[in-house]
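Participant: The following comprises the amino acid sequence and a computationally predicted model.
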Amino acid sequence: MRKINILQLAKRYDGNRPLRNMLILGLDPEQYKSKVCYFSGKPDGKNILDRHGLSIYLDIDNPSKHKIKTLIMLKNVINTERPDILHCHRHAAIVFGVLASLTDQIKTISHVHGLNRTRSFKRRFTNWFILRRVDKIITVSDSVKHDVIETNWNMDPSKVVSVRNCIDPTMIDDINVSKMNARLRLGISEDEVVYGTVGRLVSTKGQTYLIEAFSQIHKKMPNARLVIVGEGPLFRKLAKLAEELEVSSKVIFAGYREDVLELIRGFDVFVLPSLAEGLSIALLEAMASGLPVIASEVGGIPEVFGNSHCGRLVPPKDATALSVAMVEIGLLDNDHKKRLGKEGRRKIEEEFTADVMIRQIQEIYDSVLQGNE
């Protein structure tokens, strides 16, 4: 029986992505074959998909600027690969994917990864034209699903389905780094209470409120440290804020790291102060690592918590509420923290493993090909 051919589209190659790897390598090899086509970016030796010959790089500096070139090159790839389904990630990929396949009988899927993606009249008009030609829209959480339905003109709710982001917990189980060794990498001592977060340094990730909250607990917990892993345009602003609040000596900006899953072993509490969030992979990884978590009650985050007792949800943009939760969780004894961490791990194992996500994706592929929208 001929295998179902999936071509995934992404605007740029931005590093080895476990989620994308799972969506390609995790499919049943007896039924499916899948590749990814990146419009921009070059191989860097780190992409696992390259080792399997499953990556295509168009190497276009700026696809949005070179639209015709992108369409022509993508059309050539489609003609060569002859996919049954185009699985397009984020807005640019779905626009180019639909336009490049207008004359072909190719099923198309749009994968929406975040909230508030329909922000303007131009985006609504573009979506109205493009999404009518899409067979299915996958969203990474129920909150994103509702956002897509509510903010796009004449959207058919039956076309939108939620498939929550998931992770492979075995990647975390395979890590052989102790809590103390992780702290040594960051220059943190054993007796400090370490709060940590992971994410790009951008306004929607809410690190400003986290630093403000940390400054409020600093006097109550002089042995507290804050680790911020990630890079982005707000670095200077955040570093200046930490200095102004007189906590710069206690805040570590770790920058971009390849060893994130190892570093978070050194945390006592994981904090995600986002202002908007589709469904955070970093949160799932922290819970799978057995950490108690504190997170903003926005987007898909409450869906991850569910009814589990793995930490605390707090209002977004509220540094005081965040600081109260940080003190409450940070001062718990180690046994209590471990119980919260175990509950988070249980939640991941039951609802957010790669097997769950891949099964749902394959069901969508089959449904789309059968014409059951």
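Facilitator: All right, it came through fine. Residues are numbered from 1 along each chain as shown.
Participant: and Lys122, how many neighbours?
Facilitator: 8 (other CB atoms under 10 Å). Glycine gets a C-beta too; all of them are placed from N, C-alpha and C.
Participant: any idea of the pLDDT on it?
Facilitator: pLDDT, Lys122: 84.
Participant: per-residue confidence at Asn152?
Facilitator: On pLDDT, Asn152 comes in at 89.
Participant: check contacts around it.
Facilitator: Thr118, Arg124, Asn127, Trp128, Leu131 (CB atoms under 8 Å, 6 or more residues apart in numbering).
Participant: Name the nearest of these relative to Gly311.
Facilitator: Ranked by distance to Gly311 (CB to CB), the contacts of Asn152 are led by Thr118 at 31.1 Å.
Participant: Helices of the stretch 201-350 of the chain, start to end?
Facilitator: 207-217, 235-244, 260-263, 281-288, 301-305, 319-330, 334-351 (DSSP state H, counting those that start in this stretch).
Participant: As JSON lines, these with mean pLDDT and mean neighbour count would be great.
Facilitator: As requested, the helices of the stretch 201-350 of the chain are exported to JSON lines (pLDDT from 0 to 100; neighbours: other CB atoms under 10 Å):
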{"stretch": "helix 207-217", "mean pLDDT": "97", "mean neighbour count": "23"}
{"stretch": "helix 235-244", "mean pLDDT": "97", "mean neighbour count": "15"}
{"stretch": "helix 260-263", "mean pLDDT": "94", "mean neighbour count": "19"}
{"stretch": "helix 281-288", "mean pLDDT": "95", "mean neighbour count": "26"}
{"stretch": "helix 301-305", "mean pLDDT": "93", "mean neighbour count": "20"}
{"stretch": "helix 319-330", "mean pLDDT": "96", "mean neighbour count": "20"}
{"stretch": "helix 334-351", "mean pLDDT": "94", "mean neighbour count": "16"}
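Participant: Those helices: which one's closest to Gln31?
Facilitator: The closest of the helices of the stretch 201-350 of the chain to Gln31 is helix 334-351. By CB to CB, the value is 24.3 Å.
Participant: what's the angle between that closest one and helix 281-288?
Facilitator: If you take axes from the mean of the first three to the mean of the last three CA atoms, to 10 degrees, helix 334-351 sits at 120 degrees to helix 281-288.
Participant: got a list of contacts for helix 334-351?
Facilitator: For helix 334-351, contacts defined as CB under 8 Å, 6+ apart pick out 164, 167, 169, 268-269, 284, 286-293, 304-306, 308-311, 329, 332.
Participant: ok, how many other residues are close to the residue nearest to Val298 when sequence neighbours are not counted?
Facilitator: Among residues not flanking Val298 along the chain, Pro316 sits closest, at 5.0 Å (CB to CB, 6 or more residues apart in numbering). By the criterion of other CB under 10 Å, Pro316 has 20 neighbours.
Participant: Quick check: the gap between Pro316 and Gly199.
Facilitator: According to CB to CB, to the nearest Å, Pro316 and Gly199 sit 14 Å apart.
Participant: Give me the common contacts of these two.
Facilitator: Ser274.
Participant: for the closest residue to Asp318 other than its chain neighbours, what are its contacts?
Facilitator: Once flanking residues are discounted, Asp318 sits nearest to Tyr209: 7.1 Å by CB to CB, 6+ apart. Contacts for Tyr209 (CB under 8 Å, 6+ apart) come out as Pro273, Pro316, Lys317, Asp318, Ala319, Leu322.
Participant: can you name the two of the residues you listed that are farthest apart?
Facilitator: Pro316 and Ala319 (10.4 Å).
Participant: Lys69: neighbouring residues, count only.
Facilitator: Lys69 has 15 neighbouring residues, counting by other CB under 10 Å.
Participant: Hmm, Asn62 and it touching each other?
Facilitator: No - at 9.9 Å, Lys69 does not count as touching Asn62 under the criterion of CB atoms under 8 Å.
Participant: shouldn't the residue nearest to Val298 be in contact with Ser274?
Facilitator: Yes - contact status for Pro316 versus Ser274: in contact at 7.0 Å, counting by CB under 8 Å.
Participant: Can you pull the residues that touch both of those two?
Facilitator: Applying CB under 8 Å, 6+ apart, one finds that Pro316 and Ser274 are jointly contacted by Gly206, Ser296, Val298.
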